[in-house]
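> sequence and computational prediction follow.
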Amino acid sequence: MAVDELDTRILRLLIEQPRTSLRECARVLGIARGTLQARIDRLERDGVITGTGPSLSPAGLGHPVLAFVHIEVTQGHLNEVGDALAEVPEIIEAFSITGGGDLLTRVAARDNGHLEDVVQRLISLPGVVRTRTEMALRERVAYRLLPLVESVGLAAGTPAPGRTGTGRPGA
């Protein structure tokens, strides 16, 4: 799906000001509300926009310990283990991967002891051969998509508003 300059401007505004009404977004962008709605509908249909809910903090929910757990799975049991991972509430994300292991999970825990309990639960799942845990010490780059959105917009041929060729705002 091609994202053009207007899509990029829309996405930037939605990321930077997620609580702004569609009417106000249309006014800021200088387009008709119907045009904005049609663009957003297409971006949702095409899987570019996948949600509109609030961003939540595991730490704010009392789970400040973040770890990445690599899971090695017995051949032929990847789907079974993946389904079982969905039943573990502390697993925030899980991905099939290449390299060292078969699955990579992001786990949130209350403390180190709780993390150990979660890892022990993972180890006991049928089909899990072994795990390797790496603890996050400090977030260096928060989850973000705006730089990617802007990169796609630049590739479409027109820089996003407020951007210059340097990739820095106002530079």
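Cool, the structure landed.
> any idea of the pLDDT on the residue nearest the centre of the chain?
Centrality entry for the chain: nearest residue to the mean C-alpha point is Tyr143, 6.3 Å, by Cα atoms, centre = their mean. Per-residue pLDDT puts Tyr143 at 90.
> also the one 4 residues further on?
If you check Pro147, the pLDDT there is 93.
> so where does it fall, helix or strand?
If you go by DSSP states H and E, Pro147 is part of helix 146-155.
> can you show me the helices along this structure?
5-16, 22-29, 33-45, 78-85, 112-123, 146-155 (DSSP state H).
> and of the ones you listed, who's closest to Asp102?
Of all those, helix 78-85 sits nearest to Asp102, with 6.0 Å by Cβ to Cβ. (C-beta placed from N, C-alpha, C; glycine too.)
> state the mean pLDDT of that closest one.
Rounded mean pLDDT across helix 78-85 is 97.
> distance between the least confident helix or strand in the chain by mean pLDDT and the chain's centre?
Within the chain, no helix or strand scores below helix 146-155, which has a mean of 86 by mean pLDDT, DSSP states H and E. Remark: helix 146-155 is offset 16 Å from the chain centroid, using Cα atoms, centre = their mean, to the nearest Å.
> against Ile31, how distant is the closest residue in space to Val149 that isn't next to it in sequence?
Once flanking residues are discounted, Val149 sits nearest to Leu11: 4.7 Å by Cβ to Cβ, 6 or more residues apart in numbering. Per Cβ to Cβ, to the nearest Å, Leu11 is found 14 Å from Ile31.
> between the two, point out the one with more neighbours.
The residue with more neighbours, out of Leu11 and Ile31, is Leu11; 24 against 16, by other Cβ atoms under 10 Å.
> and this protein, what are its domains?
5-54, 65-135 (automatic domain parsing).
> low-confidence ranges, this structure, go.
Along the chain, segments meeting pLDDT under 70 span 1, 157-171.
> can you rerun that using 80?
The chain contains residues with pLDDT under 80 at 1-2, 153-171.
> so who does the residue in it sticking out farthest from the centre touch?
Residue farthest from the centre of the chain, counting by Cα atoms, centre = their mean, is Ala32 at 29.9 Å. By Cβ atoms under 8 Å, 6 or more residues apart in numbering, the residues touching Ala32 are Ala26.
> pretty sure Val65 sits against His114.
Yes. Contact status for Val65 versus His114: in contact at 7.1 Å, counting by Cβ atoms under 8 Å.
> between the two, point out the one with more neighbours.
Shown here are Val65 and His114; by other Cβ under 10 Å, Val65 has more neighbours (19 against 16).
> perfect, that will be all.
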